[in-house]
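> Have a look at this prediction, sequence included:
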Number of protein chains: 2
Amino acid sequence: MGHSTMEDVARKAGVSRALVSLVLNDSPNVSDHRRRLVLDAAAELGYRRNAAARHLASRRTGSIGVLLNDLHNPFFADIYDGIAAGTEKHGYRPLLTAGARRPASEQHAIDVMLEHRVDGMILVSPRLSTASIATASEIVPVVVIGRVVRGDNIDSVENDERHGALLVVAHLAELGHRTIVHIHGGNGAGARARWRGYEHAMAQFGLKPDVLAGDFTELAGVEAARRLLRRKKLPSAVFAANDLVAAGALDTFEDAGLRVPDDLSVVGYDNTFLARMHHVALTTVDQSTEEMGRTAVDLLHQRVEDGRVTAVTHFVTPELVTRRTSGSRP
Amino acid sequence: MGHSTMEDVARKAGVSRALVSLVLNDSPNVSDHRRRLVLDAAAELGYRRNAAARHLASRRTGSIGVLLNDLHNPFFADIYDGIAAGTEKHGYRPLLTAGARRPASEQHAIDVMLEHRVDGMILVSPRLSTASIATASEIVPVVVIGRVVRGDNIDSVENDERHGALLVVAHLAELGHRTIVHIHGGNGAGARARWRGYEHAMAQFGLKPDVLAGDFTELAGVEAARRLLRRKKLPSAVFAANDLVAAGALDTFEDAGLRVPDDLSVVGYDNTFLARMHHVALTTVDQSTEEMGRTAVDLLHQRVEDGRVTAVTHFVTPELVTRRTSGSRP
DNA sequence: GTGAAAGCGCTAACAG
DNA sequence: CTGTTAGCGCTTTCAC
């Protein structure tokens, strides 16, 4: 126990400390002989470089902060796959934090990342206030996934919510549905845009929008469905804010003896593995999560490495995935 | 942009740098007047302390590394909730890494944590070799969740696999099942113990064990079920390594026109939200994930703060949760 | 190629 | 209560 230092390695290898540093940083100007000496000594001592000391001295950390809003939502695991691919490609180290869907814990997570002097950060569906995000962006470049936030030092990666909502409404309208309820995502990132997109699409089809309060959780889906069940007249289709909400609603409806899609159609958003399960077979909207994650890292890289200073918004085009839960109007 | 330092804050507040440090570390020996002065100056400058410098100077980081094996498995999100509760309680900062189920990336994650001088680490269902874990444990205390690894500096938190498997087999046997297949978790943490537990329980009931290769993923469940469907004679019950596997198997069976539990019973493990979905309503085994996470942090705390040096194994008693997918033998 | 020297921003004794 | 003084372990000039 007790970590050994470069000094120890240098002494053991019989060279100077500076040389050890050069070897460990892959400098080309070191003789093979001494390189071996140093490497062997380091291995024998079980030496690990001290990240804090490195970062203090070199003024950069090579790490980028990643804030995931909710570990329980499979959507974020998918996004993270893309981010991990991106950080690996560019040689960054991701500093992962989870926000548990509470703005306060998200703020804390951001403070921590900042204290660790991340080179930039990726906020995935943050619930944080725009002001908080703007403040952070004055310190390091920020990429926001899944929500529109404007700022000179803020890039964003979004799916075209308007288009996504239109796909859903058009699909349901074509199946003959006239009463299509939207369970919205509450304060969740992008919830508002999705909802607006829904209203817009409904108007386009001459239908009357009907919105139910919600959140991006399964529980919210359950509760919204219960409220719906208490109405004298059920809608013929439900467009849920995401797959989790849809799953909760689906459960509740079937529990109440309704058959989906015979009595009622249900559509989700995200195309997570939940929706893909044959057992659920949820009609939903795919927004190429992997690409979103990878793109976010690329955008950060352009800021940090290439010195880009103008804001960029990367749009991903969502696609409808038709499965079991949507059918003709009963 | 560009971070300000304590020096800047001190100058602005008209005090010494040491005083600033005291204020920022909540020292009681500072007059309210000067405290305000410092705090105001810090806020105005947007000052953030530099974690690297702090850690270098104080010789401790207050952070503990957490390695989650697979972000896609909801089980890990549950465990992490417990860990987060624990770290908050003890004032640690969790350093999260995800291993993506590959030993190589897990090893990399551990190296990173070590370079960051975490005070200790929690490995959740690691796939890493015992040797690698032992090596890490020579440097910092390690707590392993979900797998038995012995070592002086290694504590573990496990559920009693033998008991869990017995609960499942007993439940199915009582329902009249005689042919109970186990789809095991491959190289996954705890897979072997669960499998052994199954064999042991089967023997206890005078039944012949029948094991299918698998992994802790949904895909593995799908593939195992397909192999089963190709047999001339189906078993009457399947005990899957975890909920994900069970979900995959469930899907595949129902896709093939089988009805669960009328034609076949399926049981999972972990009691994740997947199993709780009414729509799936999977009979499974609960292993109080939240408690496991919290306990892991407690164990680390005892090592770091109280100086405990003997290994401890904390057992959690699993409980059967009966739902829709298990029924009487057809 | 190699070694010496100067910090990076902070904490932690110490004296005052 | 406050200011001074050493470093923490490393990278990075700069001479040799």
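Nice, I can see it.

> So which elements touch the helix or strand A:Asp8 falls within?
Per DSSP states H and E, A:Asp8 falls inside helix A:6-13. If contacts are counted by 3 or more C-beta pairs under 8 Å, 6 or more residues apart in numbering or on different chains; DSSP states H and E, helix A:6-13 sits against helix A:17-24, helix A:32-45. Glycine gets a C-beta too; all of them are placed from N, C-alpha and C.

> all strands for the stretch 51-200 of chain A, in order.
A:63-68, A:93-98, A:120-124, A:142-145, A:154-159, A:180-183 (DSSP state E, counting those that start in this stretch).

> ok, the residue nearest the centre of chain A - contacts?
With distances taken as C-alpha atoms, centre = their mean, the residue of chain A nearest its centroid is A:Val124 (3.5 Å). A:Val124 is in contact with A:Val66, A:Leu67, A:Leu68, A:Asn69, A:Phe76, A:Ile79, A:Tyr80, A:Ile145, A:Gly146, counting by C-beta atoms under 8 Å, 6 or more residues apart in numbering or on different chains.

> helix/strand/coil for the residue nearest to A:Arg178 when sequence neighbours are not counted?
Nearest residue to A:Arg178 in three dimensions, chain neighbours excluded: A:Leu207, at 6.1 Å (C-beta to C-beta, 6 or more residues apart in numbering or on different chains). Here A:Leu207 is coil, with the state taken from DSSP: H, G, I helix; E, B strand; the rest coil.

> Next, count neighbours for the residue lying closest to A:Thr87 once chain neighbours are set aside.
Spatially, and ignoring its direct neighbours in sequence, A:Thr87 is nearest to A:Pro94 (4.7 Å; C-beta to C-beta, 6+ apart). For A:Pro94, the neighbour count with other C-beta atoms under 10 Å in any protein chain shown is 22.

> Distance of A:Pro94 relative to A:Ser58?
Computed as C-beta to C-beta, to the nearest Å, the A:Pro94 to A:Ser58 distance reads 19 Å.

> So which residues of the stretch 201-330 of chain A form strands?
Using DSSP E, counting those that start in this stretch, strands in the stretch 201-330 of chain A cover A:210-212, A:237-240, A:265-267, A:284-286, A:313-316, A:319-321.

> could those be laid out in TSV, adding distance to DNA strand D and mean pLDDT?
Below are the strands of the stretch 201-330 of chain A laid out as TSV (distance: least, C-beta to the nearest atom of the strand, whole Å; pLDDT from 0 to 100):
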stretch	distance to DNA strand D	mean pLDDT
strand A:210-212	54	97
strand A:237-240	50	98
strand A:265-267	52	98
strand A:284-286	43	98
strand A:313-316	31	95
strand A:319-321	45	98
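
> Any chance of these in CSV with distance to B:Gly293 and mean neighbour count as columns?
Shown next, in CSV, are the strands of the stretch 201-330 of chain A (distance: least, C-beta to C-beta, whole Å; neighbours: other C-beta atoms under 10 Å in any protein chain shown):
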stretch, distance to B:Gly293, mean neighbour count
strand A:210-212, 34, 17
strand A:237-240, 30, 31
strand A:265-267, 33, 28
strand A:284-286, 31, 25
strand A:313-316, 34, 15
strand A:319-321, 34, 16
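
> closest to A:Ala134 out of these?
Checking the strands of the stretch 201-330 of chain A against A:Ala134 by C-beta to C-beta gives strand A:313-316 as the closest, at 15.8 Å.

> hmm, who's touching that closest one?
A:148, A:155-160, A:287-288, A:291-292, A:295, A:299.

> could you redo the last one with a cut-off of 10 Å?
Strand A:313-316 has contacts (C-beta atoms under 10 Å, 6 or more residues apart in numbering or on different chains) with A:143-145, A:148-150, A:154-161, A:163-164, A:286-289, A:291-292, A:295-296, A:298-299.

> partners of that strand in the sheet?
strand A:154-159 (parallel) (DSSP bridges).

> how distant is the partner strand from the center of its chain?
Here the centre of strand A:154-159 is set off from its chain's centre by 11 Å, with C-alpha atoms, centre = their mean, to the nearest Å.

> and that strand with strand A:120-124, angle?
30 degrees (axes from the mean of the first three to the mean of the last three C-alpha atoms, to 10 degrees).

> Quick check: bridge partners of the residue nearest to A:Thr87?
Assigned bridge partners for A:Pro94, using DSSP bridges, are A:Ile64.

> Make sure it is actually in contact with B:His108.
No: when contacts are counted by C-beta atoms under 10 Å, A:Pro94 is not listed as touching B:His108 (11.4 Å).

> Residues of chain A that sit close to DNA strand D?
By C-beta under 7 Å from any atom of the strand, the residues of chain A that approach DNA strand D are A:3, A:5-7, A:17-18, A:21-22, A:24-25, A:49-50, A:53-54, A:56-58.

> Go back to those and keep what's next to DNA strand C.
Of the residues in those, proximity to DNA strand C by C-beta under 7 Å from any atom of the strand holds for A:Arg17, A:Ala18, A:Leu22, A:Ala53, A:Leu56, A:Ala57.

> Same list (those residues) but as JSON lines, adding pLDDT.
Below are these laid out as JSON lines (pLDDT from 0 to 100):
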{"residue": "A:Arg17", "pLDDT": "83"}
{"residue": "A:Ala18", "pLDDT": "82"}
{"residue": "A:Leu22", "pLDDT": "87"}
{"residue": "A:Ala53", "pLDDT": "89"}
{"residue": "A:Leu56", "pLDDT": "85"}
{"residue": "A:Ala57", "pLDDT": "87"}
